[in-house]
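In: here is my input, please return the structure:
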Amino acid sequence: MNTLVTLITAGITFGTVLMYGTLGEILTEKSGNLNLGVEGIMYMGGAFGLAGAFYYEKAAGAAAAGPLAIILALLAAFAAGCAASAIYSFLTITLRTNQNVTGLALSIFGTGVGQFVGELMRVKEGGYVALSNNLKNSFAASIFPKGLIDIPVAGPILFSHTIFFYMAVILAFAMWYYLSKTRSGMYLTAVGESPATSDAAGINITRYKYLATIIGGGISAIGGMVYIVTTAGCVWNHEGLSGVGWLAVALVIFCLWRPLNAIWGSIIFGSMMIMYLRVALPFIPTQLYKILPYVVTVIVLVITSMRNSRDKQPPASLGLNYFREER
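Out: Okay, the predicted model is just below:
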């Protein structure tokens, strides 16, 4: 039981990173845009998020406040993700470039920018970029009292996590409500399903695609920041985020483009990714553990394709540019 609780708790910690990346990409794909640049966006979010908190602490010194550092890190990461996604949006929506190629280019570009910013900070600071123990505790601390955390089994699973996990859960519910219960959200879904029909109905296709893609990119970038300030211990690690963005894209398929599924889906993926550290079996190579999420994604994709259920399929116009002249 202790091993299972430890596995789930660690899975939630890593899954929180994936949840942000997945929710951001779900919002993007609901508009019909397939942004494969999540990997680069999360790298940028990690580097700029850490930079926001690091330089704030450097300027404020001993007076640096944990809550303000968290807010600045969130804003910096979100802004970086929005900027990267704005470039992608301009190229694919306005200039109508191929979404797959543009997304791959953004992944390479964003990874390079993120690593450049992180390494630039490291070189300027003499080879080590990290927050003080005081701010580290602010990022890593649970928002619940120790009494709740010490409850057997349920305490560590439900109450021992950072504020970022609970924010991600709230975001998932908010996104579900927006997409399924509000007029604007239904318009966005309609744009992703049939932009020509939506355009004929008077919906501003360009605005919805731009906003969904840019905001979605900002949300995904927060996932990169969360990795740096939680899993990486508030220390810049230029290799730590490698592959996380692609895993988030796979998780979107696993979750069937549903925000609420991202909550439990990210925990499952997170648990599978760190299982080799908690439930190590000598006859199973570590590499097989790490590909489990992708294998599961392929299985889910095959099953949903065989069922041919419309509500389990991606938006009909996903990855296709809209040419109004062909309407």
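In: which strands or helices does the longest helix anywhere in the chain pack on?
Out: Longest helix of the chain, by residue count under DSSP state H: helix 2-30. If you count contacts as 3 or more CB pairs under 8 Å, 6 or more residues apart in numbering; DSSP states H and E, helix 2-30 packs onto helix 38-60, helix 154-159, helix 163-181, helix 183-193, helix 205-226, helix 244-254, helix 261-278. The way it works is simple: take the backbone N, C-alpha and C, and place the C-beta from them, glycine included.
In: Ser138 and Ile163, how far apart?
Out: 9 Å (CB to CB, to the nearest Å).
In: overlap in contacts of the two?
Out: The contact sets of Ser138 and Ile163 overlap at Ile70 (CB atoms under 8 Å, 6 or more residues apart in numbering).
In: so if I had to pick from the two, which one is more boxed in?
Out: Between Ser138 and Ile163, Ser138 has the larger neighbour count (other CB atoms under 10 Å), namely 22 against 15.
In: on that earlier part again, could you check the angle the longest helix of the chain makes with helix 261-278?
Out: 140 degrees (axes from the mean of the first three to the mean of the last three CA atoms, to 10 degrees).
In: gap between helix 2-30 and the chain center?
Out: In terms of CA atoms, centre = their mean, to the nearest Å, the centre of helix 2-30 is set 9 Å apart from its chain centre.
In: which stretches of the chain have low pLDDT?
Out: 1, 276-283, 304-305, 307-311, 325-327 (pLDDT under 70).
In: in the longest helix of the chain, what counts as buried?
Out: For helix 2-30, burial by neighbour count (16 or more other CB atoms under 10 Å) applies to 5-30.
In: got the contact list for the residue nearest in space to the middle of the chain?
Out: In the chain, the centroid-proximal residue (CA atoms, centre = their mean) is Gly21; its distance is 1.2 Å. Each residue near Gly21 by CB under 8 Å, 6+ apart is listed here: Val38, Met42, Ser220, Gly223, Gly224, Val244, Gly245, Leu247, Ala248, Val249, Leu251.
In: 7 Å instead, please
Out: Val38, Met42, Ser220, Gly223, Val244, Gly245, Ala248 (CB atoms under 7 Å, 6 or more residues apart in numbering).
In: am I right that Asn33 is in a strand?
Out: No - read with DSSP: H, G, I helix; E, B strand; the rest coil, Asn33 is coil and lies in no strand.
In: that one touches Lys209, doesn't it?
Out: Yes - assessed by CB atoms under 7 Å, Asn33 is found in contact with Lys209 at 6.0 Å.
In: of the two, who's got more company?
Out: More crowded of Asn33 and Lys209, by other CB under 10 Å: Asn33, with 31 against 24.
In: shouldn't Gly11 be in contact with Ser266?
Out: No - look at Gly11 against Ser266 with CB under 7 Å: they stay out of range, at 8.6 Å.
In: any idea how far the residue nearest to Ser271 when sequence neighbours are not counted is from Ala130?
Out: Nearest residue to Ser271, sequence neighbours excluded (CB to CB, 6 or more residues apart in numbering): Gly11, at 3.0 Å. Look at Gly11 and Ala130: by CB to CB, they are 25 Å apart.
In: with Ala140 instead?
Out: Separation of Ala140 from Ala130 (CB to CB): 13 Å.
In: swap in Leu179?
Out: In terms of CB to CB, Leu179 sits 39 Å off from Ala130.
In: follow-up on the earlier one: which ones are touching the residue nearest to the residue nearest to the centre of the chain when sequence neighbours are not counted?
Out: Distances taken as CB to CB, 6+ apart put Ala248 closest to Gly21, at 3.0 Å, once the chain neighbours are dropped. Counting by CB under 7 Å, 6+ apart, Ala248 touches Leu18, Gly21, Thr22, Glu25, Val38, Ser220, Gly223.
In: ok, now Ile205?
Out: Neighbouring residues of Ile205 by CB under 7 Å, 6+ apart: Val191, Pro195, Ser198, Asp199, Tyr322.
In: closest to Ile71 out of those?
Out: Distance to Ile71, by CB to CB, is smallest for Val191 among the contacts of Ile205, at 31.8 Å.
In: which element, helix or strand, includes Trp257?
Out: Trp257 is located outside every helix and strand, with elements delineated by DSSP states H and E.
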